[in-house]
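S.K.: Let me see the structure of the following:
(one chain, ligands or ions: 1)
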Amino acid sequence: CEGGSLSIVVLGASGDLAKKKIFPALLHLYRQGFLPPSEVHIFGYARSKITDEELRERIRGPFIQAKDAMPGDFETVSKFLQLIKYVSGFYDTEKGFRLLDEEISKVECGSSRRLFYLALPPSVYPSVCKMIKHCCMSKSDNGGWTRIVVEKPFGKDTDSAEKLSAQIGELFEESQVYRIDHYLGKELVQNLLVLRFANRFFVPLWNRDNIDNIQIVFREDFGTEGRGGYFDEYGIIRDIIQNHLLQVLCLVAMEKPISLKPEHIRDEKVKVLQSVLSIKDEEVVLGQYEGYTSDPTVPDDSNTPTFATVILRIHSERWEGVPFIIKAGKALNSRKAEIRVQFKDIPGDIFKCKKLGRNEFVIRLQPPEAMYMKFMVKQPGLEMATVQSELDLSYRQRYQGITIPEAYERLILDTIRGDQQHFVRRDELKAAWEIFTPLLHKIDGGQLSPIPYKQGSRGPAAADELLVNAGYVQTHGY
Ligand code: BG6
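M.R.: Residues are numbered from 1 along each chain as shown. Purely as a prediction, here's the structure:
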């Protein structure tokens, strides 16, 4: 046990997030050798009174059905499951946490590294953090540490998020708190820094002189599916836009950081967020899909948007006048998440035969990952005609045989390594809430209401009109 021991505690171990995302991510890390069994111990903690074996069985199901399960994997899965122990206890009393501490201490040797993943609703974060602080901290100074990972939704507006941050801040240093936003773990989101700052041809073009508008879009072709109760309290802006899409916007819009150090990157992201101007009501379209309220956990008169298009404007020398069109919706006609950077028209067009299509650079975060640039070429043949075509980088073709890691896998590894680059800092979170809090309060107060839209559609027609008014021009093909 030369390197000491690493205990990973998943709180909320019997819940959906743990089962669908966290345990599978840990298995992938284990399979790749990042969690050596000589050092690593995994604990599940929850209120249910179940045994180690029962927890392992619950976790095993999704692994066996996993699409990438390969022959020989069953043995790996079984070995991995043997690393997992279960402790049952409440989230607000010391008894369970003392027991957890005893169990961890039993297996520890050398420096003790303890990672607590709160796969729990934020309402219990303060009490759980208190219990960890009182009962379960790492006892070794020599290379030991205690870190906590918290999930979204982290608050409901600026005040509630700040309150939560202050409660956690009284117990843990900022360097111990990892606020996870799984979009920051996606391959093509991580690629944004390289794309922007390692390519000469993007550097001079990435500004208001050349770019007309930027869209950041999230679409899902399914509704709230059993999560209606949770979703109705939050809505699409808190569920997707305030966190995932705003994080993407930061990486698209920020200035070049001094270095790749987490604090340098996060400093630049905060500046972008702080430069976003107040949202105008006329630059917002909200929608709610028909049938949303038929979920028994959703009130019949719900005012919660399941769709939103919002135009954000950044007050800076680089971006003045460039609309950032942020769009997210559930139960739409397709599933994708992408960034579309649309360049300006070329003045003095000499190719009169056909209107020139705009250059558009599309970064498709998923699925499947791709980047392509729409550009004009001569239509092959005897005539001098123009046609829009694509420079296309499809990850599946170009990187055959390379498995793109799951976002959670990457982010959990970062927490073990102590790298906070891809986690949201407290001031960043506050600045992100400040952008949306006034709008959210108007929706909560019923001053703004969603327009109904059909399931499987593009969302409310008014959102397309907003897009056109913001200057977006439909490009051809692809
Ligand atoms: C979660 C939201 O954060 O992200 C869900 O709560 C959403 O509503 C999910 O479905 C989308 O994540 P991904 O990685 O599938 O785009």
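S.K.: Where does Y86 fall, secondary structure wise?
M.R.: In this structure, Y86 sits in strand 84-88 according to DSSP states H and E.
S.K.: and the following helix or strand past that strand, what does it pack onto?
M.R.: Sequence-wise, the next helix or strand downstream of strand 84-88 (DSSP H and E) is helix 94-107. Contacts defined by 3 or more CB pairs under 8 Å, 6 or more residues apart in numbering; DSSP states H and E place helix 94-107 against strand 5-11, strand 40-46, strand 84-88, helix 125-135. The way it works is simple: take the backbone N, C-alpha and C, and place the C-beta from them, glycine included.
S.K.: Can you tell me what sits against the third one?
M.R.: Applying CB atoms under 8 Å, 6 or more residues apart in numbering, the contact partners of strand 84-88 are 13, 23, 41-52, 54-56, 59, 96, 99-100, 103.
S.K.: Buried ones among those residues?
M.R.: With burial judged by 16 or more other CB atoms under 10 Å, the buried subset of the contacts of strand 84-88 is 13, 23, 41-46, 50, 55-56, 59, 96, 100, 103.
S.K.: The ligand: which of those is nearest?
M.R.: Ranked by distance to the ligand (CB to the nearest ligand atom), the buried ones among the contacts of strand 84-88 are led by F23 at 16.8 Å.
S.K.: and the closest one, that one's in a strand?
M.R.: No: remark: F23 does not belong to a strand; assigned using DSSP: H, G, I helix; E, B strand; the rest coil, it is helix.
S.K.: helix/strand/coil for G235?
M.R.: helix.
S.K.: Please list all residues in contact with the nearest residue to it once chain neighbours are set aside.
M.R.: Spatial nearest neighbour of G235, excluding adjacent residues (CB to CB, 6 or more residues apart in numbering): T304 at 4.3 Å. Listed by CB under 8 Å, 6+ apart, the contact set of T304 reads 231-235, 288, 292, 298, 443, 450.
S.K.: What is the nearest of the residues you listed to the ligand?
M.R.: Of the contacts of T304, the one sitting nearest to the ligand (CB to the nearest ligand atom) turns out to be F231, at 6.9 Å.
S.K.: my read: the closest one touches D239, true?
M.R.: Yes: at 6.4 Å, F231 counts as touching D239 under the criterion of CB atoms under 8 Å.
S.K.: ok so, going back, give me the buried subset of the contacts of T304.
M.R.: So, by 16+ other CB under 10 Å, the buried ones in those are 231-232, 234-235, 288, 292, 298, 443, 450.
S.K.: quick one: V128 and V9 touch, right?
M.R.: No: the criterion here is CB under 8 Å, and V128 misses it with V9 at 10.5 Å.
S.K.: list residues touching both of those two?
M.R.: By CB under 8 Å, 6+ apart, no residue touches both V128 and V9.
S.K.: what's the spacing between I339 and the ligand?
M.R.: In this structure, I339 and the ligand are 13 Å apart, going by CB to the nearest ligand atom, to the nearest Å.
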